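Chemist: below is the sequence, then the predicted model.
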Amino acid sequence: MLKSKLIEILKTISFKDLNRLDAYLHLPIYNKNEKVLDLFNIIKQEYPSYINNSVLEKENIIKQLFPDQQKQDAALRVVMSQLSKLVEDFFTIDCLQEDFEQYRSEIYLKSLVKKGLNGLFRKELDEAIKKSTEQKEQIIPNFLHQHELTKQSFNYNVINNNRLQESGLQQVLDSLDVLYIASKLKYACAALNRQDVLGEKFNFTLIDEILLLLQQRPDLENNFITIYKNVLNLLKSGDETYYKKIKQLISKNSDILSDDDKRDIYAWLTNYCTKKIKSGQDKYLHEIFDLYKVMLAEQMLLVDNFFMPNHYKNIVITALKLKEYDWTQDFIYKYAPKLPLDIKETVFNYTLAALHFDRKEYDEALFCLMKINPIDPYYGLNYRALLCKTYYELSEFMALNANLESFRVFVLREKQLSEYNNLSYKNFINVLKRLIRCKEKKKKTADNLLTEMSSMEPLVHKQWLLEKIQELNK
């Protein structure tokens, strides 16, 4: 029972939605089986963890629901299947209600046509078109809605034998072009970014033709398309001109973009800045820091009221590079309560350790690191590297050597790491091992290591390693 699809679904539901589901199951129009309610009430008692084997084991549930019935297993399967179907229907109806306002006018207009209420249809259609054109937010569903309205207008003219020169067919074609161009540009941007970051390959058909079409038909371009066109050009070329243009466009047209669109575009801008920083253009540290401040001010980094942990960590690392220590400390404590519960302690302690380390408070950094349980391979890399650096600064070489060996095995065995990260951290481990040998033997110079490092790429934490070598050479 604990491993059933039904329990897996119910684990994801909020307390508010659980009560709404309860009310839904009590409606006879949807559920006429009392045993379904009885089963739900048994399961509901174990919210939210659903880990009590004694309550949720099959034998216990059968005893409560079917004490005197023959073929008890089959009866339980039927009731579980019915409850699962009702839960699925509840989720579906819930989503449909969210989308209902978006499509209500289209559905209503279609019903008027079926009933032959042509006069009322024309009036309602004109009102729907007016509302659509007045809507500020420009998103793909709105473009689809506008296209559907132009189709209904054309169909109305056809049904009523409207032989006027203006049939509305051109509007159908143009609205379809806008819908296609907007959709194609948006998802092409997502694909380009994914290809750049994760190496996934895509075929970008018709992209160049779309850009050419927009030059020939500027009437098809709106603010949404203009923004995504510039994002596409930025991702394709890396030209700073597009970066500056996008920042201006977003600032000027912030009210037309959805939260999801703004979140995506700002993520792509920060990725662009990150690449520039890696190429040695440190001015982009200030750029990315300013982007993060905008994203914080507009709450773009909160999803379902939870702070996205990777952004939380990246903001801290960026602020530390700029020596914004007081700002970083305020940020860590202010937003830690917003982190997802299952990873809150790990992310909080890692970022606090990074702050202490940068302030040269190594004992405090080690204290925080000892509380961490890495949540994924990439956090594992960050945590292990910071732990090794901290042991080095404390001259705890026995612990450091043990952790470096553990780190080496981790990198060797972890299959989820990209080739770049794998090699970057292997080089870090090798350099740090040699640096320890130099320090333990009290060598006055590490010139050979310095020469090798100058051509060693990729190499993570290179600046810190250079500083440690320079300290030996003093």
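Modeler: Nice, I can see it.

Chemist: next structured bit after the longest helix along the chain?
Modeler: Of all the segments assigned as helix in the chain under DSSP state H, the longest by residue count is helix 72-114. Next along the chain after helix 72-114, taking DSSP states H and E as the criterion, comes helix 118-134.

Chemist: check which residues of the next helix or strand after that following helix are buried.
Modeler: Under the assignment DSSP H and E, the closest C-terminal helix or strand after helix 118-134 is helix 140-159. Across helix 140-159, burial judged by 16 or more other CB atoms under 10 Å covers 142-154, 156-157. In this view, the C-beta of every residue, glycine as well, is placed from N, C-alpha and C.

Chemist: what angle do helix 140-159 and the helix or strand containing residue 181 make with each other?
Modeler: Element membership for residue 181 (DSSP H and E) is helix 169-198. Per axes from the mean of the first three to the mean of the last three CA atoms, to 10 degrees, the angle that helix 169-198 makes with helix 140-159 is 160 degrees.

Chemist: coming back round to it: and which of the buried residues of helix 140-159 is nearest to residue 227?
Modeler: Of all these, residue 227 sits closest to residue 143, with 13.8 Å by CB to CB.

Chemist: the closest one reaches residue 182, doesn't it?
Modeler: Yes - with contact defined as CB atoms under 8 Å, residue 143 reaches residue 182; the gap is 5.4 Å.

Chemist: hang on, the earlier thing: give me the distance from the helix holding residue 181 to the chain's centre.
Modeler: Computed by CA atoms, centre = their mean, to the nearest Å, the separation of helix 169-198 from the middle of its chain amounts to 20 Å.

Chemist: who touches stretch 293-311?
Modeler: Residues outside stretch 293-311 that contact it (CB atoms under 8 Å, 6 or more residues apart in numbering): 254, 259, 262-263, 266, 292, 312, 315, 335, 338-340, 343, 347, 375.

Chemist: quick revisit: overlap in contacts, residue 143 and residue 182.
Modeler: Common neighbours of residue 143 and residue 182 (CB under 8 Å, 6+ apart) are residue 224.

Chemist: which secondary element of this protein has the worst mean pLDDT?
Modeler: helix 53-56 (a mean of 68; mean pLDDT, DSSP states H and E).

Chemist: and after that helix, which helix or strand comes next?
Modeler: Next along from helix 53-56, by DSSP H and E: helix 58-65.

Chemist: could you list the residues in contact with that following helix?
Modeler: Here helix 58-65 makes contact (CB under 8 Å, 6+ apart) with 1, 35, 38, 39, 42, 54, 72, 73, 75, 76, 79.

Chemist: report the separation between the second one and residue 66.
Modeler: For residue 35, the distance to residue 66 under the criterion CB to CB, to the nearest Å works out to 8 Å.

Chemist: what do these two both touch?
Modeler: In terms of CB under 8 Å, 6+ apart, residue 35 and residue 66 are both contacted by the residues residue 75.

Chemist: next, the residue positioned nearest the centre of the chain: phi, psi?
Modeler: Centroid-nearest residue in the chain, with CA atoms, centre = their mean: residue 308, separated by 7.5 Å. Per-residue torsions, residue 308: phi -70, psi 120 (degrees, to the nearest 10).

Chemist: need the pLDDT of it.
Modeler: If you check residue 308, the pLDDT there is 88.

Chemist: what does residue 44 give?
Modeler: Model confidence at residue 44, expressed as pLDDT, equals 85.

Chemist: which ones are touching it?
Modeler: Per CB under 8 Å, 6+ apart, neighbours of residue 44: 18, 22.

Chemist: now swap in residue 259 and tell me
Modeler: For residue 259, the contact set (CB under 8 Å, 6+ apart) comprises residue 300.

Chemist: can we see that at 10 Å?
Modeler: 298, 299, 300, 302, 303 (CB atoms under 10 Å, 6 or more residues apart in numbering).

Chemist: what are the ranges of the helices in the stretch 301-450 of the chain?
Modeler: Counting by DSSP state H, counting those that start in this stretch, the stretch 301-450 of the chain has helices at residues 309-321, 325-335, 344-358, 362-369, 377-393, 397-413, 419-440, 447-453.

Chemist: now tabulate these in TSV and tack on distance to residue 245.
Modeler: Shown next, in TSV, are these (distance: least, CB to CB, whole Å):
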stretch	distance to residue 245
helix 309-321	23
helix 325-335	29
helix 344-358	33
helix 362-369	41
helix 377-393	32
helix 397-413	40
helix 419-440	30
helix 447-453	38
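
Chemist: tell me which of those lies nearest to residue 25.
Modeler: Comparing those against residue 25 with CB to CB, the closest turns out to be helix 344-358 (33.4 Å).

Chemist: and the closest one, what does it pack onto?
Modeler: Helix 344-358 is packed against strand 306-307, helix 309-321, helix 325-335, helix 362-369, helix 377-393, with contacts defined by 3 or more CB pairs under 10 Å, 6 or more residues apart in numbering; DSSP states H and E.

Chemist: centre of the chain to the third one, how far?
Modeler: What it means is helix 325-335. For helix 325-335, the gap between its own C-alpha mean and the chain's C-alpha mean amounts to 23 Å (CA atoms, centre = their mean).

Chemist: which residues touch it?
Modeler: 289, 292-293, 296, 301-302, 307, 311-312, 315-320, 322, 324, 347-349, 351-352, 354-356, 358-359.

Chemist: and it, which residues are buried?
Modeler: 328, 329, 331, 332, 335.

Chemist: for the fourth one, same thing?
Modeler: Within helix 362-369, the residues that count as buried by 16+ other CB under 10 Å are 362, 364, 365, 366, 368, 369.

Chemist: now do the longest one
Modeler: Buried residues in helix 377-393, defined by neighbour count with 16+ other CB under 10 Å: 378-393.

Chemist: of these, which is the nearest to residue 463?
Modeler: Looking across the buried residues of helix 377-393 and measuring by CB to CB, the closest to residue 463 is residue 389, at 11.6 Å.

Chemist: quick one: neighbours of residue 235, just the number.
Modeler: Other residues within reach of residue 235, judged by other CB atoms under 10 Å, total 20.

Chemist: what do you get for the one 4 residues further on?
Modeler: When counting by other CB under 10 Å, one arrives at 12 neighbours for residue 239.

Chemist: gap between it and residue 378?
Modeler: For residue 239, the distance to residue 378 - CB to CB - is 29 Å.

Chemist: just the element for residue 245, please.
Modeler: Applying DSSP H and E, one finds residue 245 within helix 240-252.

Chemist: so where's this protein shaky on pLDDT?
Modeler: Counting by pLDDT under 70, the chain has low-confidence residues at 1-3, 52-55, 70, 98-99, 101-102, 161-165, 442-446, 474.

Chemist: domains in it, as residue ranges please.
Modeler: Structural domains assigned to the chain are 1-112, 116-300, following automatic domain parsing.

Chemist: just to revisit the earlier point, got the CA positions of the helix holding residue 245 in PDB?
Modeler: The C-alpha trace of helix 240-252 is given here as PDB (Å, rounded to 0.1, in the frame of the first residue of the first chain):
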ATOM      1  CA  GLU A 240      27.300  42.400 -25.600                       C
ATOM      2  CA  THR A 241      25.100  44.700 -27.600                       C
ATOM      3  CA  TYR A 242      22.200  42.300 -27.300                       C
ATOM      4  CA  TYR A 243      22.800  41.900 -23.600                       C
ATOM      5  CA  LYS A 244      22.400  45.700 -23.000                       C
ATOM      6  CA  LYS A 245      19.400  45.800 -25.400                       C
ATOM      7  CA  ILE A 246      17.600  43.000 -23.500                       C
ATOM      8  CA  LYS A 247      18.200  44.800 -20.100                       C
ATOM      9  CA  GLN A 248      16.600  48.000 -21.600                       C
ATOM     10  CA  LEU A 249      13.700  46.100 -23.100                       C
ATOM     11  CA  ILE A 250      12.900  44.200 -19.900                       C
ATOM     12  CA  SER A 251      13.100  47.300 -17.800                       C
ATOM     13  CA  LYS A 252      10.700  49.100 -20.200                       C
END
